[in-house]
Structure formats: structure tokens, C-alpha cells
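K.L.:
quick one, structure for this:
(2 chains)
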Number of protein chains: 2
Amino acid sequence: MAYVTATEKDLHEKPNEETVSVLNPYLMQMKADILYHFALGTETHDFPSMFGDVKFVCVGGSPSRMKAFALYIAEELKLGDSQNDIPNICAGTDRYAMYKVGPVLSISHGMGIPSISIMLHELIKLLYHSKCSNVTVIRIGTSGGIGIEPGSVVITNQSVDASFKPQFEQIILGKTVVRSTKLNADLAKELDQCGKEINEFNTVIGNTMCTLDFYEGQARLDGAICSYTEKEKMDYLRAAYNAGIRNIEMESSVFAAMCNISGLRAAVVCVALLNRLEGDQISSSHNILVDYQQRPQKLVGFFIKKQINDPCLSL
Amino acid sequence: MAYVTATEKDLHEKPNEETVSVLNPYLMQMKADILYHFALGTETHDFPSMFGDVKFVCVGGSPSRMKAFALYIAEELKLGDSQNDIPNICAGTDRYAMYKVGPVLSISHGMGIPSISIMLHELIKLLYHSKCSNVTVIRIGTSGGIGIEPGSVVITNQSVDASFKPQFEQIILGKTVVRSTKLNADLAKELDQCGKEINEFNTVIGNTMCTLDFYEGQARLDGAICSYTEKEKMDYLRAAYNAGIRNIEMESSVFAAMCNISGLRAAVVCVALLNRLEGDQISSSHNILVDYQQRPQKLVGFFIKKQINDPCLSL
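P.N.:
Numbers count the residues shown, from 1 in each chain, chains lettered A, B, ... in the order given. Reported below is the predicted structural model:
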């Protein structure tokens, strides 16, 4: 694995904040590239003209939520009419959904590390083939809070694994490779400042635990299988709180790791649907959950609008 | 982790092939249970009357493919009219889609271990709350073949990890628990026999490697990141072939482990969309890929019809 280490190290020593990098010498030799899970290809689609102006990519689990976000952004940026329908660029597949509104791309990624990892490989290739520069990627999602009020929005300081370590273990050719899950601290602060300016809901910066499972992996007592006691569950969640963890979700670690390697400015903004120190079931009413899920959208929409209108930023 | 081991051991020593087990003492004490990712709940839905007659559950990644399978089964079993629409039982969410045709449930599970694991927790609870008995669960999916002709259908002998071991490592309360990925050998043979009787495509029984990633995790050279050489890739895939592996996908290990623990008869039937010894990109035409994807559906549809019409089986 010496090759990985050296190349990733080079990239971190000379961060290129302008263009999107692919760390793959083979890709550059390929005449054509099919992004199978997007149902897009370089021979069938003109990537630079379709995506060359993209500056913000917002990703989230649910396809309908990402469509709602695209419609919201269209209204906020006064680009198009939010009452009109907006085409799904990935209409040729049902693996992911993708919408574009001016410089903003909104993409669903399904649930869990493997699902978002496929999407990110193809997104990074899409941005590379499109010759995009200065791209910010933000995950807007849902999560379980730890020791915070339901409805609070957590901006991730660092993504940690189930042992509370800020790393992502990836298995390559059967061997474990450890990657950093560092996120952009300035971007997190800017997003937190946006939350304060909106002043409609609680916003906190905290660590986010990323797990491979929703039930046993997050110490829930309500799965089909549960082999630990309630006391063991509470001890684990309290230890997580003491390690600075304020929410648990299932995608942030590989998201941070892949954005890091590819030179993308990245952030994770997730609403907490419940406080896991008080229960496991997501039992709030439909209307309350809809309201909660709009909060990361509102915060990130506010941020994008501010960035686009900032005369000091050349977007 | 002594508690897990003892209870799982008990279950394997006294397999209960009749009813669906939940290995969770807390669940039995709960007055109500919300299956959040299905948008179903025991207080809002009458599970025994909705699902009590289910004998076969077929699961696959794509929601549109699982709807097509439900329509195909409706036609095969002469239950309803395949030209009519069929309602999505999980219409209240876009996390999964679920269709029911007589004793057959067809559910999508998204991509990757975490996504199918959430679905399986809620499916096993659904079958338990519905008091279902004698249930067979079959994953019908797509995969990358190793050393087999594209379009071949692989019936999994055992699911192995990226080190070719027949096990699934699950992280619970931050600690690793190892679970068996054994599948039902008789069921695999019956399915293989169905393939021979259909006699329209190649069917093989082989080991299936289950990975956490589609690009680096499967030694592809066409991802956004690639840190190994073409020779290292080929050495890894050839070693996999020599270990009896005939295809690679992303869900079988946790599927086998959870079905094992819950006393469900389970099988994995995946078509190979390409031969990974010959390339990485899925570049066959749309029509060929559609034909390939119908093969596991055809095989499993044939099997279900045969089972239902067998006077010796009391379904």
C-alpha cells in the first residue's frame, strides 16, 4: 500500500483547492467512462456543458428530499419556478436521483457507507470530466442526536468510527487502509454562523459517529437482534457523548475521507430526529419530522445564497 | 459478548424452521413498534392480516426491479392482472419499496450492507409481528462475475468477505462480533435444479464475495481513486477465483448472517453483468442488461411456482 500513502501524502502537502482531482492514473488513460449508477457517460453526455458551472453539491439519503431541496434552492436563488417540475438527470436509473439548479447540484445517495461511496466515486469523476473548480460538497441528512434536543442541527467537527476514532477503515484488495475523516473547520464555522443568523433552531458543532448499522451498530434496543443490555447501551452512548459525539449517522466517514483525498471542501450538516439518551424509536409526528428535515436544507440554502451574493468570492 | 454467543448457539442447536424468531428480549416488552424505514407500525397497521400468509420474500437493490418482479409473479401465479398497477405498501417513505402478491413479498433494499441490514431488521420484525411461519427469503440481484460468462446466474454456496473468509464482521458497541454466513445448501441445490429445468441461461453454484465498496473494494481500475496496479488487481481477482468465488456483490454476507440468526431459509441468486477478469466497466447495451436482470427473477419465479404447486409441501 506504499503507493496510496505516498500519493495521498503528496496531495495533502500540496492541497489543490481549485480543481477536482482524481487519484487514479488509469482513469486518465480511458477513452470513455460510463458512470453506471448515474446512467451517464462521457460518450453519450457532454459533461463540461452539463456540469462545468457547478460550485455546490448537496447530497442526502432520500431522493424525494433531494428533489425538494432542488426546488427550494430554485426559489431561494430565483432560478426557475419552484412550482414547476425539475428534471431528474439520472432518470435512466433508480439507483440515485440528481437535480441541477444553476451552480447547485442536488443528489441522493441512499443509506450507508457503501451506497454513498459508489455515488461519490461517480460524482468525483463527473466533476473531473466536467472540469469543475472550487467545488464545495455538503451532506444534508438526518441522524440520531446524543444529549441534544430533537430538531437540533449538528455541523460535524470530525467524523469518528464506532470506537470514537477520527478515521475511516477501507478494505482494498483484502487489506485495511486507514484514511483521515478531517473536515474543513472554516466551512463548519461559516455554516454554524449561518445557523445563528437564521436563529430559528438550535445549531451545534460536534463530532459525528458514523456506523455500518442502524440497530445493533447504534446500540438500539428495538432491532430484530439485540445481544446487549439497556445498561450496556446507555454506557456506550454516554461514553460517546463524553468523546464529544453529538449525533450518529451512517455516511459521514467515507464522505469526509473521499472529499479529503479529492481536494473538495466538505461539510456534514444533519438534523437530530431524536435524543438517543431518551429512546430508540423515531415516533415524532409526520409534520414534526418534515419540519426537522427542512432545517439542514434551510441552513445550507442560506449559506449558498450568502456565498453567491458575496462580491469578494469569485464563484 | 457472552450473551450473543450463547443465544445464537442455542438457536443453531435447536433450529426452529416454523416461525420467525427475533433474538431480542426488549422487543417482546414493547407495546408498539414503529418500522420507521417502511413507514409501517403495529399501532397503525394490522400486521397479521396484512402479512400473515407470506411464505416467500424476494429482495433486491432496485425499487423498479422489485416492482417488475411483483408484476411478473402476479402473472406467473395468475394472481391479479400484471397490466394493472400494484400498490407500494411503503408509499409513506422513499427508503424502500414493498409489493405483495399472494404469499410473495417483493422488497427493495438499496445498495450495500448497511442499507440491506436496516431493511432486514424491519422485515424480520414485520414477519414476527405478523406471526409468519415457514418463510423462505431470496435475494435476487446483480453482481460482477469472476471467470464466468456475462449473463450467468450464480447461486451462492457461501458468502465470503474480502479476505475470502465465510464470515460477517459486525461492530456492536464498538466491538467486533463475527457471524456465520452459511446459506441453506438444499435450497441452493433446488434453485440450481430450477435453472437446469428452465435451460435458457447458464446457472452455477459458487462462492460470492461481499464487499463494502464497488470501486476500490472490488479492485476496479475505473474509480475516482485507485492506488494499486493492474497486475495487483488481476492477482487479487485470480486468487478469488481459486478460492471458489464466482461473483462479487455488496449485500450477501449480512443477509446470510441475519437470516441464519432468525431461522429463515435463505438463498442468494445474482446474475453476473460482466466478467471482471475481462474488464471493469458495465458497458453492455441497455437491452442486454435488462435481459440479464430478468434471469434471477425468472429462476426464482419458476421455483416459487413449483413450490406452491407441490402437493407434498404445506404452504
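
K.L.:
can you give me the pLDDT of the residue nearest to the spatial centre of chain A?
P.N.:
Nearest residue to the geometric centre of chain A (C-alpha atoms, centre = their mean): A:R139, 2.4 Å. pLDDT, A:R139: 98.

K.L.:
do A:E8 as well
P.N.:
The model reports A:E8 with a pLDDT of 47.

K.L.:
tell me the SS of the residue nearest to the centre of chain A?
P.N.:
strand (DSSP: H, G, I helix; E, B strand; the rest coil).

K.L.:
that one contacts A:V59, doesn't it?
P.N.:
Yes. Using C-beta atoms under 8 Å, A:R139 is in contact with A:V59, at 5.2 Å. C-beta: built from backbone N, CA, C; applies to glycine.

K.L.:
need the overlap of contacts for the two.
P.N.:
A:109, A:116, A:255 (C-beta atoms under 8 Å, 6 or more residues apart in numbering or on different chains).

K.L.:
redo the residues you listed as a markdown table? Include pLDDT.
P.N.:
Putting those into a markdown table (pLDDT from 0 to 100) gives the following:
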| residue | pLDDT |
| --- | --- |
| A:H109 | 98 |
| A:I116 | 98 |
| A:F255 | 98 |
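
K.L.:
filter those residues down to the ones in helices?
P.N.:
A:116, A:255 (DSSP state H).

K.L.:
for the shared contacts of A:R139 and A:V59, which one is nearest chain B?
P.N.:
A:I116 (8.7 Å; C-beta to the nearest C-beta).

K.L.:
what residues of the longest helix seen in chain A count as buried?
P.N.:
Identified as the longest helix of chain A according to DSSP H is helix A:286-308. With burial defined by 16 or more other C-beta atoms under 10 Å in any protein chain shown, the residues of helix A:286-308 counted as buried are A:289, A:292-304, A:307-308.

K.L.:
tell me the two of those residues that are most distant?
P.N.:
With C-beta to C-beta as the measure, no two of these lie farther apart than A:L289 and A:I308, at 29.6 Å.

K.L.:
could I get the full set of strands for chain A?
P.N.:
A:34-35, A:40-41, A:56-60, A:98-101, A:104-108, A:136-145, A:153-160, A:167-172, A:175-180, A:203-210, A:245-249, A:265-275 (DSSP state E).

K.L.:
now the angle from the longest one to strand A:203-210?
P.N.:
Which is strand A:265-275. Counting by axes from the mean of the first three to the mean of the last three C-alpha atoms, to 10 degrees, strand A:265-275 lies at 90 degrees to strand A:203-210.

K.L.:
may I see the buried residues of strand A:265-275?
P.N.:
A:265-275.

K.L.:
same list, those, but as TSV with pLDDT and distance to B:M66 please.
P.N.:
Below are the buried residues of strand A:265-275 laid out as TSV (pLDDT from 0 to 100; distance: C-beta to C-beta, whole Å):
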residue	pLDDT	distance to B:M66
A:R265	97	37
A:A266	98	33
A:A267	98	34
A:V268	98	30
A:V269	98	32
A:C270	98	28
A:V271	98	29
A:A272	98	31
A:L273	98	26
A:L274	98	29
A:N275	98	34
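
K.L.:
closest to chain B among those residues?
P.N.:
Proximity of these to chain B (C-beta to the nearest C-beta) peaks at A:L273, which lies at 9.0 Å.

K.L.:
report the contact partners of the closest one.
P.N.:
A:142-145, A:150, A:282, A:284, A:289, A:292.

K.L.:
buried ones among those residues?
P.N.:
With neighbours counted using 16+ other C-beta under 10 Å, the contacts of A:L273 contain these buried positions: A:142-145, A:150, A:289, A:292.

K.L.:
do stretch A:29-41 and chain B come into contact?
P.N.:
Yes. Stretch A:29-41 reaches chain B (C-beta under 8 Å from any C-beta of the partner chain) through A:30, A:33-34, A:36-37.

K.L.:
hang on, the earlier thing: with neighbour count added, can I get the shared contacts of A:R139 and A:V59 in CSV?
P.N.:
As requested, those are exported to CSV (neighbours: other C-beta atoms under 10 Å in any protein chain shown):
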residue, neighbour count
A:H109, 27
A:I116, 32
A:F255, 31
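
K.L.:
skipping adjacent residues, who's closest to A:L191 in space?
P.N.:
Closest residue to A:L191 apart from its sequence neighbours, by C-beta to C-beta, 6 or more residues apart in numbering or on different chains: A:I155 at 5.0 Å.

K.L.:
correct me, but that neighbour touches A:V271?
P.N.:
No. Shown here, A:I155 and A:V271 do not form a contact pair, counting by C-beta under 8 Å, at 10.8 Å.

K.L.:
now do the buried residues in stretch A:183-203.
P.N.:
Going by 16+ other C-beta under 10 Å, stretch A:183-203 has these buried residues: A:183-184, A:187-188, A:190-192, A:194-195, A:198, A:201, A:203.

K.L.:
for chain B, state which of these is nearest.
P.N.:
A:L183 (17.9 Å).

K.L.:
what residues are up against the closest one?
P.N.:
A:156-159, A:256, A:259, A:266-268.

K.L.:
one more: A:K196?
P.N.:
A:K196 touches A:T203, counting by C-beta under 8 Å, 6+ apart.

K.L.:
one more time with 6 Å
P.N.:
A:K196 makes contact with no residue, according to C-beta atoms under 6 Å, 6 or more residues apart in numbering or on different chains.

K.L.:
confidence score at it?
P.N.:
97.

K.L.:
roughly how far apart are it and chain B?
P.N.:
31 Å (C-beta to the nearest C-beta, to the nearest Å).

K.L.:
so what's the residue nearest to the centre of chain A bridging to?
P.N.:
Note on A:R139: beta-bridge partners by DSSP bridges are A:V59, A:V268.

K.L.:
I figured it was touching A:C270, is that so?
P.N.:
No. Contact criterion C-beta atoms under 6 Å: A:R139 and A:C270 do not qualify, at 7.4 Å.

K.L.:
which neighbours do those two share?
P.N.:
With C-beta under 6 Å, 6+ apart as the test, A:R139 and A:C270 reach no residue in common.

K.L.:
just for chain A, where's the confidence low?
P.N.:
For chain A, the stretches flagged by pLDDT under 70 are A:1-17, A:81-83, A:313-315.

K.L.:
and if we set it to 80?
P.N.:
The model of chain A has pLDDT under 80 over residues A:1-18, A:80-84, A:311-315.

K.L.:
which residues does A:E76 contact?
P.N.:
A:301, A:305.

K.L.:
actually A:F214, not the one I wrote
P.N.:
With the criterion set at C-beta under 6 Å, 6+ apart, A:F214 makes contact with B:I118.

K.L.:
contact partners for A:Y236?
P.N.:
A:219, B:173.

K.L.:
which residue is the nearest non-sequential neighbour of A:K189?
P.N.:
A:I205 (7.6 Å).

K.L.:
can you give me the neighbour number for the one you found?
P.N.:
For A:I205, the neighbour count with other C-beta atoms under 10 Å in any protein chain shown is 16.

K.L.:
hmm, A:E190 and it touching each other?
P.N.:
No. In terms of C-beta under 6 Å, A:I205 does not count as a neighbour of A:E190; the distance is 11.1 Å.

K.L.:
got the residues of the stretch 1-150 of chain A near chain B?
P.N.:
Contact residues, the stretch 1-150 of chain A versus chain B (C-beta under 6 Å from any C-beta of the partner chain): A:3-4, A:22-24, A:26, A:34, A:36, A:62-64, A:94, A:110-112, A:114-115, A:117-118, A:121, A:124-125.
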